[in-house]
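> okay, here's the prediction I keep looking at, along with the sequence it came from:
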Amino acid sequence: MIFKENADRDMAIMNVAHAITSDLRKCLLQHEVASFAVPGGTTPGPIFDAMSSVEIDWARVHVMLTDERWVPEDHPRSNAGLVKARMLTGNAAAAKFIPFYREGLSAAEAAPQLSEALADKMPISVLLLGMGADMHTASLFPGAPGTEAAMARDAPLLCAVTPADQPEPRITFSAAALDGAMDKHLVIFGEDKRAAFEKAQSLPPADAPISAVISGGIVHWAA
Ligand SMILES: O=C(O)[C@H](O)[C@@H](O)[C@H](O)[C@H](O)COP(=O)(O)O
């Protein structure tokens, strides 16, 4: 795993956008399609903005989420809503998008059919991750109901997790699915997250899910 310090957040955003689009370009030289899994939250928006104008063969890129808050797409907390608003615009509007939320189903009910639908898109070609100060990534929240199962070696691709401190249930790729990505990028800003990431390296995966998925990846950090 490589830890890259950036002069500031704007530089980090530019560098991450460049690194990911380069990974996608490289993947498309060797494969018919590339799968690109992205997080929600407050960090990725500017990265999406920077990527959406880049010229690659977006029609051969399948964009999917690393995890979803279990709300409809027009809900302000929807990750699908964020991706459609900021990533799937400009040149990147041509990309294929695979939303997770299913009206009328719970996250637990939808997980098996999503796992089946995504099986032929594995391994993830390029993965972008964020991380919380509690060392969660995607929706692998330490200690939350569902996280232990999602971190098991034989976990299904998609798992439901119900963190007590989150407003809604979540669905998330399993740790194994995330860890199996070909190219991985984690973006974290601020001293708190840097300290949390360093602490995670010496903790068991159950207490620090980020450490179970970032091996061989690049960590992009700015203060
Ligand atoms: O759905 C989500 O919220 C994300 O997938 C989640 O894992 C996010 O990456 C972290 O919580 C960091 O969020 P920030 O970027 O807002 O700090």
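It's in. These numbers were taken from a predicted model, which means no experiment stands behind them. Numbering: from 1, shown residues only.

> which bits of the protein sit near the ligand?
For the chain, the contact set with the ligand under CB under 6 Å from any ligand atom comprises 39-43, 66-67, 69, 79, 130-132, 137-138. (Glycine included, C-beta is placed from N, CA and C.)

> let's see which of these end up in helices.
residue 79 (DSSP state H).

> and the strand or helix carrying residue 193, what's its mean pLDDT?
Counting by DSSP states H and E, the secondary-structure element that holds residue 193 is helix 191-200. Helix 191-200 shows a mean pLDDT of 98 in the predicted model.

> that one - contacts with which helices or strands?
Helix 191-200 is packed against strand 183-189, strand 218-222, with contacts defined by 3 or more CB pairs under 8 Å, 6 or more residues apart in numbering; DSSP states H and E.

> and these as JSON lines, adding mean neighbour count?
As requested, the helices and strands packed on helix 191-200 are arranged in JSON lines below (neighbours: other CB atoms under 10 Å):
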{"stretch": "strand 183-189", "mean neighbour count": "23"}
{"stretch": "strand 218-222", "mean neighbour count": "21"}
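
> which residue of this protein lies farthest from its centroid?
Using CA atoms, centre = their mean, the residue of the chain lying farthest from its centre is residue 104. It sits 24.5 Å away.

> buried ones in the longest helix seen in the chain?
Secondary structure of the chain per DSSP H: the longest helix is helix 9-30. Using 16 or more other CB atoms under 10 Å as the test for burial, helix 9-30 gives 9, 12-13, 15-17, 19-21, 23-24, 27-28.

> for the residues you listed, work out which two are farthest apart.
Across these, the longest distance by CB to CB is 28.5 Å; it joins 9 and 28.

> where does this protein have low pLDDT?
For the chain, applying pLDDT under 70 flags no range at all.

> residues touching the helix holding residue 193, excluding its own?
Helix 191-200 is contacted by residues 131-135, 186, 188, 208, 210-211, 219, 221, 223 when judged by CB atoms under 8 Å, 6 or more residues apart in numbering.

> how close does the residue nearest to residue 115 when sequence neighbours are not counted get to the ligand?
Distance criterion CB to CB, 6 or more residues apart in numbering; nearest residue to residue 115, sequence neighbours excluded, is residue 157 at 4.0 Å. Distance from residue 157 to the ligand, counting by CB to the nearest ligand atom, to the nearest Å: 16 Å.

> check contacts around residue 157.
If a contact means CB under 8 Å, 6+ apart, then residue 157 has 114, 115, 118, 119, 122, 173, 174, 177 as its contacts.
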